[in-house]
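>>> Output the structure for:
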Amino acid sequence: MSHAPSAARPEAMTRPSTSATHDVFNQAPPRRDINEFTLNTALREAVDRYAPHASRAELERIGGLVGSADFINDARLANEHGPELRTHDEWGNRIDAIEFHPAYHRIIGDALRSGAHSRAWTHPGPGANADRAARFMLFSQIEPGHACPVSMTHAVIPSLQADPKLSDFWVPRATANDYDPRRIDPAEKTAVTFGMAMTEKQGGSDVRANTTRAVPDGDHYLITGHKWFCSAPQSDAFLVLAHLEEGLSCFVVPRILPGGELNTVRIQRLKDKLGNKSNASSEIEFDSTAGWLLGLPGKGVRTIIEMVSQTRLDCILGSTAGMRQSVAEAAWHARGRAAFGATLIDQPLMRAVIADLQLESEAATFTAMHLSAVHDDDGGDAADFRRLATAVAKYWICKRGPEHAYEALECLGGNGYTEAFPLARRYREQPVMAVWEGSGNVIVLDVLRALGREPRAAKAFLGYLETGLGRHPDFDAAYEELAASLHSSLEAVTSEDPARIAGIQRSGRVMVEKMALLLQATILFDSAPAEVAAGFVSARLGPNRGREYGALPRDVDIDFLVERA
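Take a look at the predicted model:
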């Protein structure tokens, strides 16, 4: 299937008349009013593989919606006119309100009404999480900012189930396919969104350094302290960590209390972020703020980790969606612009770069969908596998996102460097996925900890990689190298020798990268076209592998990949 914007073929390009001073020619036509699902060959194939019961008609509807000129314009407006904090009303009353451009409400409303947060919970079974992942990625591809509250509203469900009473109240509202931004008693709403507030100034990822505390007050608790990052403070409720005498505990903190009174969630300021401007991220303070204990006292990390696990997967989905946007925009431009006597897409140098970008995007897409499908399996083996696989994939795919976005941006030349085109926004946005839910070093330490303390997870992960043996010599060689590294790591961790452990940590990033590449290759063997799997192994695991985009080995089928971009 050709994705070429035919209006921009060289034969259709004509020189301006001598009297004209500004006729526009040799520009790709606007990438508008297209279907982002039907044009995404890898996603369509991954849906067939991992979500065979998903409604193709619905995914095509969503693809047409997010590819429409109106939706793309709303994405622009939501970022050009970002949220504004109003701490007080005209009469001096504290209101802690955030005002959004109507475009933001339209976008998140479409996503929530399309089940980008709920599909996995409302239609459980094989393929449910993959179905939901496809919806989430289609919306995130065009406007990533709104995806944060959508993700957290999806991810909160397993944590809420730790308390039947709280679950009965909140889960039906959090999984409703609707959007209600009104600041009213949640009991009067049929649909709500959730946020999360864990990190503090002094601790960051080390939540045990938190100082926020809670004291009992009847059927609830009063929380006092602060959070350095609270994304989507406009949410109806939040999961919050605070200390009790028993230890760090998890609480549900509603924005509006039963009866309609405003809870004391004080928004200090909105973060001035590198990436998207559409979603609000904030610093907040609690002053005897009402919260309801979720899970057991002192077991807050265990309770909220279920939410973290889900949002960590969504970091993979978000980076993957960004990769698709990047390569799709680059290929569109290359098909619609000519230089030196031929369209860019026909120039060997550009073809190699586009093919490499597509290869990375496809590996991320099939990996994201595979991991989503694994989350539908509640069996012990699946849980052990995804414990390591999700962390490993999150580390590598999210870390590759910014470089991938930059290379795609460069394909557009000067256009890519302007805010009028979406890749400038994408380039600024991609780093957040590598930071959110654990930056690179935190993820590596988590993987090393799991290898030492959870042997079943390591066994399940290696067992899956073993299914790729015998399919490509470069894979086999890389697997043997990884197996030796893992053996050394396990010996070091179990030895409790500080010097050996320090040595393993110093090389930890290299090992986790190898784990990720082998994981992606195995998944591609199982689910992607043979040309994609073989090309990935040769380009990423072979002896001639390189980090520079476009430096593909000769055995990679460039034409096949470019056609799919």
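
>>> what's the strand ranked longest in the chain packed up against?
When the chain is parsed with DSSP state E, its longest strand is strand 281-294. Packing partners of strand 281-294 (3 or more CB pairs under 8 Å, 6 or more residues apart in numbering; DSSP states H and E): helix 147-160, strand 220-231, strand 237-244, strand 247-254, strand 265-270. To be clear about C-beta, it is placed using only N, CA and C from the backbone, and glycine gets the same treatment.

>>> Of all the ones you listed, which one comes closest to Ser55?
Closest to Ser55 of the helices and strands packed on strand 281-294 is helix 147-160 (CB to CB; 18.4 Å).

>>> Put the alpha carbons of that closest one into PDB.
Only the C-alpha atoms of helix 147-160 are listed here, as PDB (Å, rounded to 0.1, in the frame of the first residue of the first chain):
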ATOM      1  CA  ALA A 147      -2.700  10.900  27.800                       C
ATOM      2  CA  CYS A 148      -1.300  11.400  31.300                       C
ATOM      3  CA  PRO A 149      -4.700  11.600  33.200                       C
ATOM      4  CA  VAL A 150      -6.100   9.000  30.800                       C
ATOM      5  CA  SER A 151      -3.200   6.700  31.700                       C
ATOM      6  CA  MET A 152      -3.500   7.200  35.400                       C
ATOM      7  CA  THR A 153      -7.300   6.700  35.300                       C
ATOM      8  CA  HIS A 154      -6.700   3.400  33.600                       C
ATOM      9  CA  ALA A 155      -3.800   2.400  35.900                       C
ATOM     10  CA  VAL A 156      -5.500   3.200  39.200                       C
ATOM     11  CA  ILE A 157      -8.000   0.300  39.000                       C
ATOM     12  CA  PRO A 158      -5.900  -2.600  40.400                       C
ATOM     13  CA  SER A 159      -4.800  -0.400  43.300                       C
ATOM     14  CA  LEU A 160      -8.400   0.600  44.100                       C
END
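
>>> can you state the direction angle for that helix and strand 220-231?
Orientation note: helix 147-160 sits at an angle of 150 degrees relative to strand 220-231 (axes from the mean of the first three to the mean of the last three CA atoms, to 10 degrees).

>>> Give me the contacts around the helix or strand that comes right after helix 147-160.
As assigned by DSSP states H and E, the chain's next helix or strand after helix 147-160 is helix 164-174. The set of residues external to helix 164-174 that reach it, using CB atoms under 8 Å, 6 or more residues apart in numbering, is 117-118, 121, 153, 156-157, 160-161, 186-187, 189-194, 236-237, 252, 292, 294.

>>> Relative to His117, how far out is the spatially closest residue to Ser278 that is not a sequence neighbour?
Nearest non-adjacent residue to Ser278, counting by CB to CB, 6 or more residues apart in numbering: Gly145, 3.3 Å away. Gly145 is 15 Å from His117, where distance means CB to CB, to the nearest Å.

>>> Mind checking which of the two has more residues around it?
Legend: neighbour count by other CB atoms under 10 Å for Gly145 and His117, higher for His117 (33 against 28).

>>> looking at this, that one is in a helix?
No - counting by DSSP: H, G, I helix; E, B strand; the rest coil, His117 is not found in a helix; it is coil.

>>> I'd say it and Val150 touch.
Yes - assessed by CB atoms under 8 Å, His117 is found in contact with Val150 at 4.9 Å.

>>> Could you tell me which residues touch both of those two?
111, 136.

>>> confidence score at Asp96?
Residue-level confidence at Asp96 comes out at 97, pLDDT.

>>> Hmm, I typed the wrong one, I wanted Ala78.
We have a pLDDT of 98 for Ala78.

>>> just the one 5 residues further on next, same as before
Model confidence at Pro83, given as pLDDT, is 98.

>>> which residue sits closest to it in space, ignoring its chain neighbours?
Closest to Pro83 by CB to CB, 6+ apart is Ala280, at 4.2 Å.

>>> Can you tell me the number of residues neighbouring the one you found?
27.
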